[in-house]
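[1] I need the structure of the sequence given here:
(chains A, B and C)
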Amino acid sequence: MELTAREIAAHLNGEVEGNPDLKVSGFARIEQGTPGTLCFLANTKYEEWLYKTKASLVIVNKSFKLKQAVPYTIVWVDDAYRGIAAMLDLYAAANAVKKKGRERPSHVSWRAKVGKDCYIGAFAYISRGAKIGNNVKIFPHVYVGDGVTIGDNSILYSGAKIYAGCHVGKNCILHSSAIIGADGFGFAPDAEKNYKKIPQIGNVVLEDDVEVGANTCIDRATMNSTIIRQGVKLDNLIQLGHNVEIGRNTVIAACAAIAGSTKMGERCMVGGQAGAVGHLHIGNDVMLGAKTGVSNDLADGESRGGWPDMPVGLFRRVSVLLRKLPELFLQVSALEKELKKISENKN
Amino acid sequence: MELTAREIAAHLNGEVEGNPDLKVSGFARIEQGTPGTLCFLANTKYEEWLYKTKASLVIVNKSFKLKQAVPYTIVWVDDAYRGIAAMLDLYAAANAVKKKGRERPSHVSWRAKVGKDCYIGAFAYISRGAKIGNNVKIFPHVYVGDGVTIGDNSILYSGAKIYAGCHVGKNCILHSSAIIGADGFGFAPDAEKNYKKIPQIGNVVLEDDVEVGANTCIDRATMNSTIIRQGVKLDNLIQLGHNVEIGRNTVIAACAAIAGSTKMGERCMVGGQAGAVGHLHIGNDVMLGAKTGVSNDLADGESRGGWPDMPVGLFRRVSVLLRKLPELFLQVSALEKELKKISENKN
Amino acid sequence: MELTAREIAAHLNGEVEGNPDLKVSGFARIEQGTPGTLCFLANTKYEEWLYKTKASLVIVNKSFKLKQAVPYTIVWVDDAYRGIAAMLDLYAAANAVKKKGRERPSHVSWRAKVGKDCYIGAFAYISRGAKIGNNVKIFPHVYVGDGVTIGDNSILYSGAKIYAGCHVGKNCILHSSAIIGADGFGFAPDAEKNYKKIPQIGNVVLEDDVEVGANTCIDRATMNSTIIRQGVKLDNLIQLGHNVEIGRNTVIAACAAIAGSTKMGERCMVGGQAGAVGHLHIGNDVMLGAKTGVSNDLADGESRGGWPDMPVGLFRRVSVLLRKLPELFLQVSALEKELKKISENKN
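    Okay, the predicted model is just below:
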């Protein structure tokens, strides 16, 4: 895909500074830019590279002021991050996987329904009663259990597994070894502390536009459904317990874990390796920093850090003070001695 | 499956209050109960729903006192959680997967032995020397390595992988992409800090009645065996290192990690995202809170929290006080000033 | 494999004390040694077992002094850990998997190239444009995407998945369900906080001699490459985000997570469940303790612990003092009271 600076600016509603006829044919990160590539600057942490990059064209925010002249062509835009995203979309659409049809051997039950224009890779397994929409891509080694439904345009990468009875909406992406609908972790101890399995007879419902990262697990409900609402984005290696509910457009970073029956609201942002205990209500627009552990309900809009969690501003102050704890102990010892001296002098 | 209140009470040794001929045909969580469904109240956190649920029948502990009249039929029992578990068992038994026989294509070495009444799904792979008991269910995409043994009635869900030489007991459940017997993480640095792999020639032994969650990893021993004793229940995404030993009826929640050669006793409970360093001895009946990190041996019956770990009661107090650390620093500063004033006044 | 003490000593440049003609035929951990087995003592934590083991032969460091006579034969060596590693190598070489050839059914695109002496297990899938070197072992259920390259002598265990366009070097080992090249976690919110996927058009490059643990995920770069340098060893269940770079001979323990665009230097050691936020520069020879969370750049040679991270020595002191926090609060309260008394007395 070759584009001129003029075409890029037109596509992004931006302005060219430099050579509008300059052609680029690839993308690169600004610190790795080479002649013929297109880069962008959105995170000012990389600003130094503006003056060092070997890229031919850089997309920059109009609000940004250059501190020195640069040798390459610039396309000024309102939002460089969205700009590069739009360019990547263009590239991705041109290079999208166009796989279609059914490879053999694959197992498609005669009691399953498969829509139009689907790809079913070799060694994929589709059980009886499954209903697959149109234009769905099912890569090799995917397992689709009994009675599973999958909406139009969804993509299941190699090794994704969906247990019986679960539902996947439209435009969903499940990465490799994402496991949807394994049994929730429910056991009841008998008198001798032998654990007896509580059957997990519910399911998992992924609404539309959900992305599930590689090796992420979403357990089926004990009863009713574990529900992942529209537009939720889950990174890799996440654990969502039985009967969890995640609200619309919430994003969760890698290695986070939400225990059973916790409900999380809309537009929340959960950091990597964060966790929440079970049976909580977490409001909308909540932010949890990396490694945060939530142990109580949270109202809308809260930002939390630490374990157990506290307001993120407090967490930052506490973090700084923790490093001064050895000094504080010494200070208090010194105070005690001095006070003792004063008391003794008085008597 | 349709049951009357009378039949349910009889099955649970309970008492009906309301209509003994009322029929229910499904299960629901109390907050999601609908007419025709059966619910239960075990966790008093959901008590308000007793007065709001639309369920037709609710199972409640005899020890519980209703605060107002309710419109539905109640079955009073000694233990509502066990009661619902028993009802779910009944349901699950009636709806159990009855798959049997061998689907094609699948790979079963002529030097493997497979017992009676097994299910072997398409694309499953059973290597030479493997011995599979009776009534074992091996779903599609399962890998059973050379010389692996699997006891009667075990279930291996799609994508579970068992490396060569490992043993799985009777009545075990391995969820999707549970990985049994990958190499332990052992390397020896040479003079240039290049790491040389230490061959891992041991195996993994799962005794009977073990459940292993989705994407959980149990590494093979360097020598001898990594051992998971009878009745252990492991949630998803857990890491158990080489030569770990987990005692009978211990339960471990998701995302926990136990490093190499650590031995953990019986009936322990490990919280989500908790961890233990290697080469520890952890006693029986130990409880580790979520996110706890254990760095020293623990005696029987200890309850620990925090990182590094401390007694859980102390951890709770410390957690509360941490949030007051900024105030404490101010208090100590104020004390210092005041003391300085007193000292100066005196001189 | 049967060896005499004399042969072992010759292989290890060691010295026999006891019967040079003694034969051993297996390995065991010292606490599990039985007659006929070979053990070693490297970690003095297990020293008591020197006097209790039932092994026939033990490999011990020359620098070690026995406290009492022992009934078995000893081979004294300079480094017992390397000694046992060398013996395990000998054993592993004799017992190495010698699988070769292509099992059916498997899918190898006619537009893929496969080198000499490879093993391709049943149900493996090799896409078009893939290039597999010589002596590569591809176990069942492995997925190799379009245009992937794999160097000589690499081993991909059952269920490893490599997305399109990624590169795996020579002598690499990928354990089951290691996922190489799933999409990086990149989304741009629109005005309504609906997240739009940023296409991830880069790839992953594993250089030579890299080992990737079971269920570990390495995401493809947004642009350019996520790079794992020569000799890196990754344990199980690790997350490496898009555009991460890990320097030569760095080792990372299980359940660690490195967020997007962070660069880590050479010879680092990262503990279990540790994490690093994105866009950091971490130097060479850095050590991160278990559960450490790194939130700022780190210079060469730093050792860090805690969350947020601090120098590991400080972290240890702070950890001890944390447990005394309740006392400190009481001390400060007492000081305040006493001071108040003094002030009142004075006035």
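
[2] pLDDT on stretch A:7-18, on average?
    What stretch A:7-18 shows for mean pLDDT is 94.

[3] Can you point out the buried residues in that stretch?
    A:8, A:9, A:12, A:14, A:16, A:17, A:18 (16 or more other CB atoms under 10 Å in any protein chain shown). Glycine gets a C-beta too; all of them are placed from N, C-alpha and C.

[4] Confirm residue A:319 sits in a helix?
    Yes - counting by DSSP: H, G, I helix; E, B strand; the rest coil, residue A:319 is part of a helix.

[5] That one: what's its closest spatial neighbour, skipping adjacent residues?
    Spatial nearest neighbour of residue A:319, excluding adjacent residues (CB to CB, 6 or more residues apart in numbering or on different chains): residue C:308 at 5.1 Å.

[6] Pull up the residues of the stretch 151-300 of chain A that are close to chain B.
    The stretch 151-300 of chain A comes close to chain B at residues A:159, A:161, A:163-164, A:177, A:179, A:182-183, A:185, A:187-189, A:193-199, A:201, A:215, A:217, A:219, A:221-224, A:237, A:239, A:241, A:243, A:255, A:257, A:259, A:273, A:275, A:277, A:279, A:293, A:295, as judged by CB under 8 Å from any CB of the partner chain.

[7] Point me to the residue of the stretch 1-150 of chain A nearest chain C.
    The nearest approach of the stretch 1-150 of chain A to chain C comes at residue A:92, 3.6 Å away (CB to the nearest CB).

[8] so that residue, which of the three states?
    At residue A:92, secondary structure determined by three-state DSSP is helix.

[9] thinking again about what came up before, could I get the contacting residues of the residue nearest to residue A:319?
    Residues counted as contacts of residue C:308 (CB atoms under 8 Å, 6 or more residues apart in numbering or on different chains) are A:319, C:293, C:294, C:295, C:296.

[10] Going through the residues you listed, which ones are buried?
    A:319, C:293, C:294.

[11] Turn those residues into CSV, columns for pLDDT.
    What follows is these, written out as CSV (pLDDT from 0 to 100):
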residue, pLDDT
A:319, 96
C:293, 98
C:294, 98
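
[12] and residue A:241, what is it in contact with?
    Contacts for residue A:241 were tallied using CB under 8 Å, 6+ apart; they are A:184, A:185, A:219, A:226, A:257, A:258, A:259, A:260, A:261, A:262, A:278, B:254.

[13] from memory the third one sits against residue A:183, does it?
    Read it as residue A:219. Yes - Residue A:219 lies in contact with residue A:183 (CB atoms under 8 Å); the separation is 6.7 Å.

[14] Tell me which of those two has more neighbours.
    In this view residue A:219 and residue A:183 are compared by other CB atoms under 10 Å in any protein chain shown, and residue A:219 has more residues nearby, 31 against 23.

[15] how close does the more buried one get to residue B:288?
    Distance from residue A:219 to residue B:288, counting by CB to CB, to the nearest Å: 21 Å.

[16] Also residue A:326?
    For residue A:326, the distance to residue B:288 equals 27 Å [CB to CB].

[17] What count of nearby residues applies to residue A:324?
    As a burial measure, residue A:324 scores 14 neighbours (other CB under 10 Å).

[18] quick one, longest helix in chain A?
    helix A:325-346 (DSSP state H).

[19] Using PDB, list the CA coordinates for that helix.
    Output of helix A:325-346 as PDB, limited to C-alpha atoms (Å, rounded to 0.1, in the frame of the first residue of the first chain):
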ATOM      1  CA  LEU A 325       9.100   4.500  57.300                       C
ATOM      2  CA  PRO A 326      12.600   3.500  58.600                       C
ATOM      3  CA  GLU A 327      13.300   7.200  59.300                       C
ATOM      4  CA  LEU A 328      10.000   7.700  61.000                       C
ATOM      5  CA  PHE A 329      10.700   4.900  63.400                       C
ATOM      6  CA  LEU A 330      14.000   6.500  64.200                       C
ATOM      7  CA  GLN A 331      12.400   9.900  64.600                       C
ATOM      8  CA  VAL A 332       9.800   8.500  67.100                       C
ATOM      9  CA  SER A 333      12.600   6.700  69.000                       C
ATOM     10  CA  ALA A 334      14.500  10.000  69.300                       C
ATOM     11  CA  LEU A 335      11.400  11.800  70.400                       C
ATOM     12  CA  GLU A 336      10.800   9.200  73.100                       C
ATOM     13  CA  LYS A 337      14.300   9.600  74.400                       C
ATOM     14  CA  GLU A 338      14.200  13.300  74.400                       C
ATOM     15  CA  LEU A 339      10.900  13.300  76.200                       C
ATOM     16  CA  LYS A 340      12.200  10.900  78.700                       C
ATOM     17  CA  LYS A 341      15.100  13.300  79.400                       C
ATOM     18  CA  ILE A 342      12.800  16.200  79.800                       C
ATOM     19  CA  SER A 343      10.600  14.300  82.200                       C
ATOM     20  CA  GLU A 344      13.500  13.200  84.200                       C
ATOM     21  CA  ASN A 345      15.000  16.700  84.400                       C
ATOM     22  CA  LYS A 346      11.700  18.000  85.600                       C
END
